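Participant: predicted model follows, preceded by the sequence.
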Amino acid sequence: MPSESTQACSLENTLCSWAAKILCTPDPEEKATLTHQVQEYGILERSQKSDRANPPAQPSRKAELTVLHPGRIKRGKGGTLASRIALLHSLANIELWAMDLSWDIIVRFATFQLPNGDRLPREFFTDFVKVAGDEAKHYMLLQKRLVELGCFFGALPVHNGLWQSAADTAHDLLARLAIVHMVHEARGLDIQPQTRNRFATQGDEASIKLIEIIYTDEITHVAAGLKWFTYICSKENRDPVSTFHELVPMYFKGYLKPPFNAAGRQSAGMTEEWYLPLVKPAHKEA
Ligand SMILES: [Fe+2]
Ligand SMILES: [Fe+2]
C-alpha cells in the first residue's frame with residue numbers, strides 16, 4: 001500500500017520533483033522505498049527536458065534523530081557487541097547521507113550547461129539514480145542488521161559531516177564530483193579492509209557479507225564520479241588530473257591520508273597520479 005507521500009509523489013513524474021521529494025522525506029526507510037520506486041517506475045524515461053525543481057538546503061531527518069558535529073561522535077571499533085553496533089550505526093548514517101547526496105547532485109545540477117550550451121547527457125542522471133538505489137539498498141541492509149543485533153537506526157547520535165561537503169560544493173559540479181565521489185567515496189574504499197577485519201575478529205559473518213556487498217557497489221560509485229569529472233573536464237578543455245589537484249585543496253580540509261586501497265581505487269579507474277600528489281609530503285617520503 002503506497003504511503004500518503006508516495007501517492008503525492010506519483011502526481012509528479014519528473015525526476016527532479018521526485019529527487020526533491022525524497023530529499024524532503026525524513027523517514028529513512030520511506031526515503032529508500034521512494035528511491036527504489038524511481039528506479040522501478042523508470043521515472044527518468046518519463047521526465048521532460050525542461051525538468052527542474054529546487055532542492056532543499058539540506059535533507060530532512062526525523063525530529064528524534066540526534067545530529068551532532070562530526071568530532072563529537074565516537075565510531076565503534078568492533079571489539080564488543082556494543083561497538084559493532086556503533087560501527088554499523090555509523091555506516092548506516094553514511095549510507096543515508098550518500099542516498100541524499102545522489103539525489104542532490106541530480107536535482108541541483110539538472111540544468112548544468114556545458115560550454116557548448118548542451119545539458120548533461122541522460123546517462124549522467126541514469127548513473128546517479130543507480131548510485132542512489134545502491135545507497136538505499138546499503139542503508140536497508142545495515143538497518144536490518146542493526147535490528148538483528150537488537151538495535152535500530154536512530155538509537156545512537158549521528159553526524160552530518162558529509163552534508164557539509166555538499167553545502168560547500170553546491171555551486172560547482174566539478175568540485176561536488178571531486179569531493180563527494182572521488183575523495184569521500186574513495187576514502188570509503190580505503191577503510192573497507194579495516195572495517196571488514198573488525199567484524200572478522202568477532203566472527204560476525206553476517207556483517208562481513210554486508211560490508212562486501214557495499215564495497216563492490218562503492219567501487220562503481222567512485223568510477224561514476226571519475227567518469228563524469230573527466231567528461232566535464234574534457235568538454236571544458238581542462239586537464240582532469242590537474243583540475244582535481246586544484247579543487248581538492250579548495251574544498252577539502254587537509255591532505256588525503258594513506259594507507260590507500262590502491263587495488264580498490266584502481267578497480268574504479270583511479271590511478272595513483274590522482275591522489276598521491278594530495279598526500280602530506282612527510283607521508284609521501286615515509
Ligand atoms: Fe553506499
Ligand atoms: Fe556510494
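Facilitator: In hand now; what should we look at? Numbering: from 1, shown residues only. Ligands and ions are numbered 1, 2, ... in the order given.
Participant: which SSE is the residue in the stretch 101-250 of the chain positioned nearest to ligand 2 in?
Facilitator: In the stretch 101-250 of the chain, no residue comes nearer to ligand 2 than residue 221, which is 3.7 Å away by Cβ to the ion. Bear in mind the C-beta positions are built from the backbone N, C-alpha and C, glycine included. Assigned by DSSP states H and E, residue 221 belongs to helix 205-235.
Participant: check the gap between residue 166 and residue 22 for me.
Facilitator: 14 Å (Cβ to Cβ, to the nearest Å).
Participant: neighbour count for the two, which is higher?
Facilitator: Using other Cβ atoms under 10 Å, the more surrounded residue of residue 166 and residue 22 is residue 22, with 29 against 22.
Participant: where's that one relative to residue 133, distance?
Facilitator: From residue 22 to residue 133 the distance is 11 Å (Cβ to Cβ).
Participant: give me the common contacts of those two.
Facilitator: When contacts are counted by Cβ atoms under 8 Å, 6 or more residues apart in numbering, residue 22 and residue 133 have 35, 38 as shared neighbours.
Participant: so what's the residue nearest to the spatial centre of the chain closest to, chain neighbours aside?
Facilitator: For the chain, residue 98 is the residue whose C-alpha lies nearest the centre (Cα atoms, centre = their mean; 2.8 Å). Nearest in space to residue 98, with sequence neighbours left out and distances taken as Cβ to Cβ, 6 or more residues apart in numbering, is residue 135 at 4.1 Å.
Participant: the one you found reaches residue 92, doesn't it?
Facilitator: No - applying Cβ atoms under 8 Å as the test, residue 135 and residue 92 come out as separate, 10.7 Å apart.
Participant: phi, psi of the residue lying closest to residue 67 once chain neighbours are set aside?
Facilitator: Among residues not flanking residue 67 along the chain, residue 160 sits closest, at 5.2 Å (Cβ to Cβ, 6+ apart). Backbone torsions of residue 160, given as degrees, to the nearest 10, read phi -120, psi 30.
Participant: list the contacts for residue 160?
Facilitator: 58, 67, 69, 70, 97.
Participant: and residue 59, how far is that from residue 21?
Facilitator: As for residue 59, its distance to residue 21 is 11 Å (criterion: Cβ to Cβ).
Participant: revised request: answer the last question for residue 133.
Facilitator: The span separating residue 133 from residue 21 equals 16 Å under the rule Cβ to Cβ.
Participant: residue 212 too?
Facilitator: Taking Cβ to Cβ, one finds residue 212 at 32 Å from residue 21.
Participant: residues near the residue nearest to residue 148 when sequence neighbours are not counted, how many?
Facilitator: Closest residue in space to residue 148, ignoring its immediate chain neighbours: residue 206 at 7.0 Å, by Cβ to Cβ, 6+ apart. Neighbours of residue 206 under the rule other Cβ under 10 Å: 12.
Participant: I'd guessed residue 206 sits against residue 146; true?
Facilitator: No - with contact defined as Cβ under 8 Å, residue 206 and residue 146 do not form a contacting pair (11.4 Å).
Participant: please list the residues of the protein that sit near ligand 1.
Facilitator: 95, 98, 135, 138 (Cβ under 5 Å from the ion).
Participant: residue 85: how many residues sit nearby?
Facilitator: Neighbour tally, residue 85, other Cβ under 10 Å: 20.
Participant: export the residues of the chain next to ligand 1 to TSV and tack on secondary structure and pLDDT?
Facilitator: Formatted as TSV, the residues of the chain next to ligand 1 follow (DSSP: H, G, I helix; E, B strand; the rest coil; pLDDT from 0 to 100):
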residue	secondary structure	pLDDT
95	helix	97
98	helix	97
135	helix	98
138	helix	98
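Participant: can you narrow these down to the ones near ligand 2?
Facilitator: Answer for the residues of the chain next to ligand 1 near ligand 2 (Cβ under 5 Å from the ion): residue 98.
Participant: follow-up on the earlier one: quick one: which of residue 212 and residue 21 has more around it?
Facilitator: Of the pair residue 212 and residue 21, residue 21 is the one with more neighbours under other Cβ under 10 Å, namely 20 against 11.
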